[in-house]
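> The following block contains a protein sequence and its predicted model.
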Amino acid sequence: MTGPSPADTAAAGTIEREAERRRTVAVIAHPDAGKSTLTESLTLAASAIDEAGAVKGKATRRATVSDWMEIERSRGISISSAVVQLDAGGTLINVVDTPGHADFSEDTYRALAAVDCAVMLIDAAKGMEAQTIRLFEVCRTRDIPVIAVVNKWDRPGREALDLLDELEERTGRAPTPVTWPVGEAGDLQGLVDTMTGTLTTYESTGGGHLPVATERSADEAAELFGSAWATALEEVELTREVRGLPDQDDFHARVSMPVFFGVATKHLGTVDLLRFLRDTAPAALPRRTEDGAPRPVTEPFAAQVFKVQANMDPAHHDQVAFVRICSGRFDRGMMLTHAQSGRRFNTKHALSVFGRERDTVDVAWPGDVVGLVNATMLHPGDTLYSDEAVEFEPLPRFAPEMFATVAPTDPSTAKKFRKGMQQLAGEGVVQLLESERRTAQAPMVGVIGSLQLEVLTSRLSAEFGTAVRVEPLPWTMVRTVTDSDLALLERRRDLEIVTTDRDRYGLFRDQWHLNSVMRELKGLELPAPV
């Protein structure tokens with residue numbers, strides 16, 4: 001048996017080096033914590049770092065590039081994951097800005113399956129809120145290293161040491177500050193680098209530009225800030241004694257959690273965070289296949305779809321599948337196999353997507369995110385590969401918690417309505433449910449929260465030109481229906497049985513209704529959805 005050829009060895013070395021240059025990071029938090037603002041600030045900071053470390057006086061702002069839908073702009077929230085690639089001194093950082101609202105948890109959870117690290121924003125006044133805790137638990141389940149950023153330090157809030165205690169209590173990871181504020185929340189006077197003891201102060205230049213950063217000596221800091229500087233030094237020393245200094249190995253092993261303080265709206269502390277992502281965050285990691293084995297990045301090309309988005313270009317009603325490159329080299333135009341169907345797929349329309357802006361991608365490497373246009377056969381969780389067959393672990397799928405029927409108010413728009421429903425369901429905006437009681441004219445949908453229905457109606461109107469009528473249904477309890485359950489339940493009219501492409505559910509009015517059916521029909525299993 002012969003070993004790999006010199007050409008194969010050289011190619012594997014190139015793939016390994018390119019993967020080492022990539023960081024794929026999700027920004028997660030409770031709604032209104034500042035995720036999109038931080039993504040925007042990182043974009044600005046990357047422009048500064050690209051200029052050999054000089055703070056750039058002007059930077060092209062693409063106002064809220066990650067929030068590109070009209071409903072996102074009007075509501076001021078993210079409802080769909082967006083991807084921005086930043087070049088930080090030769091290291092490419094793919095930043096995935098995720099929705100914070102619990103109604104869009106499935107989109108966020110899928111995005112987390114595509115990243116190697118997460119930046120978790122904490123509101124300086126509110127600490128770890130409910131959705132933040134929930135998202136951290138997903139990171140824990142998926143073994144994702146997490147960086148904490150305490151945001152909004154320009155407003156009154158809690159004490160920094162108190163926030164560290166909460167982080168440790170809630171996460172079980174040791175919070176190790178990389179930067180520390182001089183001045184209490186609402187009175188930020190500068191940030192201390194806990195490794196070097198260097199103080200940096202900031203002067204606003206206005207107009208959405210980066211502030212001018214100035215390093216201060218200890219003597220200068222003491223003269224300028226007096227007791228606030230002394231308190232900051234005492235707190236930094238205390239955190240060192242109790243939790244130690246930031247350590248890359250502990251961070252990668254999910255033992256510790258680096259912590260930054262700052263103000264995303266004013267770009268304070270963002271350059272420090274970007275440098276840390278560049279120098280310390282994990283590079284592109286092997287992804288687990290369906291059998292649980294990690295696939296080395298040097299293996300032949302394979303990628304996983306983690307998101308599908310329709311109508312990013314409304315003029316063409318196209319559909320973009322976002323794929324995370326997991327192994328090998330991607331070349332635009334290469335023929336790939338769709339693992340789920342066995343069909344061949346041409347990749348000549350491959351793009352990087354920055355909000356609504358697009359650039360053709362000719363080559364991509366492990367850790368990169370590529371948008372494949374008009375990939376109508378692809379769905380979240382699907383695998384594409386070039387050589388030997390492979391499938392990656394499935395993405396999480398949530399059981400719906402609310403139900404409704406949707407119908408066009410104008411029957412003449414029925415064709416556009418059906419197309420829109422299929423596209424938006426393919427994205428995961430809603431789940432289309434099949435039921436013998438429902439018709440194609442008024443299909444049944446399932447959602448996690450009511451905001452999804454608002455997004456559905458808004459996008460059907462704006463993108464497909466069809467107004468709709470939504471009729472809520474009374475079901476509030478969902479249970480998985482096994483084959484043996486189906487035989488007992490299918491003749492009952494007081495409940496509804498629905499199917500998706502993967503699951504079968506029984507729907508009940510409430511807990512009392514479910515208990516009543518369970519008592520009446522002996523032998524039912526009806527497990528809760530996983």
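Okay, I see it. In this text the structure is predicted, and so the values were computed from the model without any measurement.
> in what helix or strand does residue 351 lie?
Element membership for residue 351 (DSSP states H and E) is strand 350-354.
> Below-threshold pLDDT in the stretch 1-150 of the chain: ranges please.
Applying pLDDT under 70 to the stretch 1-150 of the chain picks out residues 1-10, 48-82, 99-106.
> Show me where it has its helices.
Ranges of helices in the stretch 1-150 of the chain, per DSSP state H, counting those that start in this stretch, are 6-20, 35-50, 70-75, 105-112, 130-141.
> Can you check which of those helices gets nearest to residue 153?
Nearest of the helices of the stretch 1-150 of the chain to residue 153, taken as C-beta to C-beta: helix 35-50 at 13.0 Å. Every C-beta, even on glycine, is put in place using the N, C-alpha and C of the backbone.
> and the closest one, what does it pack onto?
Under the contact definition 3 or more C-beta pairs under 8 Å, 6 or more residues apart in numbering; DSSP states H and E, helix 35-50 sits against strand 22-28, strand 82-88, strand 91-97, strand 117-123, helix 270-279.
> How far off centre is the second one?
Distance of strand 82-88 from its chain centroid, counting by C-alpha atoms, centre = their mean, to the nearest Å, is 13 Å.
> And stretch 184-192, end to end?
Start to finish, the residues bounding stretch 184-192 are 13 Å apart (C-alpha to C-alpha, to the nearest Å).
> For it, buried residues please.
Buried residues in stretch 184-192, counted by 16 or more other C-beta atoms under 10 Å: 184-185, 188-192.
> In CSV: the helices of the stretch 1-150 of the chain, plus mean neighbour count and distance to residue 298.
Shown next, in CSV, are the helices of the stretch 1-150 of the chain (neighbours: other C-beta atoms under 10 Å; distance: least, C-beta to C-beta, whole Å):
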stretch, mean neighbour count, distance to residue 298
helix 6-20, 14, 4
helix 35-50, 24, 28
helix 70-75, 14, 38
helix 105-112, 23, 24
helix 130-141, 17, 26
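> isn't residue 465 right up against residue 413?
Yes: using C-beta atoms under 8 Å, residue 465 is in contact with residue 413, at 6.6 Å.
> In which helix or strand does residue 325 reside?
Assigned by DSSP H and E, residue 325 falls in strand 319-327.
> can you name the two of the buried residues of stretch 184-192 that are farthest apart?
185 and 192 (15.3 Å).
> if we can go back for a sec, deepest-packed of the helices and strands packed on helix 35-50, please.
Counting by mean count of other C-beta atoms under 10 Å, strand 22-28 has the highest mean neighbour count of the helices and strands packed on helix 35-50, with a mean of 27.
> one step back: which residue of residue 465 and residue 413 possesses the greater neighbour count?
residue 413 (17 against 12; other C-beta atoms under 10 Å).
> is it fair to say the more buried one lies in a helix?
Yes: assignment of residue 413 by DSSP: H, G, I helix; E, B strand; the rest coil places it within a helix.
> can the helices of the stretch 1-150 of the chain go into TSV with extra columns for distance to residue 479?
Shown next, in TSV, are the helices of the stretch 1-150 of the chain (distance: least, C-beta to C-beta, whole Å):
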stretch	distance to residue 479
helix 6-20	43
helix 35-50	34
helix 70-75	33
helix 105-112	19
helix 130-141	22
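> of the ones you listed, which approaches residue 496 most closely?
That would be helix 105-112 among those, by C-beta to C-beta, at 21.8 Å.
> residues in contact with residue 484?
Going by C-beta atoms under 8 Å, 6 or more residues apart in numbering, residue 484 touches 523, 525.
> No further questions, thank you.
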